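# Could you look at this predicted model? Sequence included:
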Amino acid sequence: MHLQHILVALADVRVFISTFVKAYVDANRPINESIQSSGNLNDGLGTYKEQKGHHPMAKSAFDGDPKYNADDALTISQAKLNEYEVEHPTITGQQHSLYSAFSKTGKTLTMSEMRTIEIQAMTNSGVPVDYATNAVDKAIQQLQQMGITAPSKIPWGK
């Protein structure tokens, strides 16, 4: 009887370890291994005031910048996220993890660093790399047109 309980417990541990390893691998997968999308890379892009959705460049990075308006900023629509079967909170969780890790490096957050983090957050969540890259690059272009060349803070930074 005790052997049966031990075997069941070992099976549970095996499932736990397998799930943990998969989550770790997914979270640390290089961007270039992500799937590619098909179709128009601009589908689902618009402003927050038009469609709400996910800001490809974390809006809190621009807190305090008088040139930044989150309502006018580029977003990915919820419908597009649904198409990729991606939950907005999943991307936000990835952003939180990646920016928190970045803040511990002591480095200054640049647009280039943000670009890498934001693409990684989306691809870790299931957004195809070409779509994520296009959305982030369009958001950076829009920020530059607003006169914003650098973030004002590290989101979720301590």
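Great, that's in hand.
# switch to C-alpha atoms for all contacts and neighbour counts from now on
OK.
# Now do the helices in this structure.
2-27, 48-51, 78-83, 88-103, 111-125, 129-145 (DSSP state H).
# looking at the ones you listed, which one has the lowest mean pLDDT?
With a mean of 55, helix 2-27 has the lowest mean pLDDT of those.
# Find the nearest non-adjacent residue to the residue most central in space within the chain, please.
Geometric centre of the chain, nearest residue: A121, 2.5 Å, by CA atoms, centre = their mean. The shortest distance from A121 to any non-neighbouring residue, by CA to CA, 6 or more residues apart in numbering, is to Q94 (4.9 Å).
# was I right about that neighbour contacting G126?
No. In this structure, Q94 is not within contact of G126 by CA atoms under 8 Å, at 11.0 Å.
# so who does L98 touch?
Neighbour list for L98: 117, 121 [criterion: CA atoms under 8 Å, 6 or more residues apart in numbering].
# Go again with 7 Å.
Contacts for L98 (CA atoms under 7 Å, 6 or more residues apart in numbering) come out as I117.
# what about A139, distance to N42?
According to CA to CA, to the nearest Å, A139 and N42 sit 12 Å apart.
# got a list of what P155 touches?
Contacts of P155 (CA under 7 Å, 6+ apart): 60-61, 99.
# What subset of these is buried?
Applying a neighbour-count criterion of 16 or more other CA atoms under 10 Å, the buried members of these are 61, 99.
# before we move on, the earlier item: quick one: the residue nearest to the centre of the chain and S97 touch, right?
No. Using CA atoms under 7 Å, A121 makes no contact with S97, being 8.7 Å away.
# Tell me the one of the contacts of P155 nearest S152?
A61 (5.7 Å; CA to CA).
# Roughly how far does that closest one sit from H55?
Taking CA to CA, one finds A61 at 11 Å from H55.
# Let me see the contact set for I119.
Contacts of I119 by CA under 7 Å, 6+ apart are 132-133, 136.
# Okay then, goodbye and thanks.
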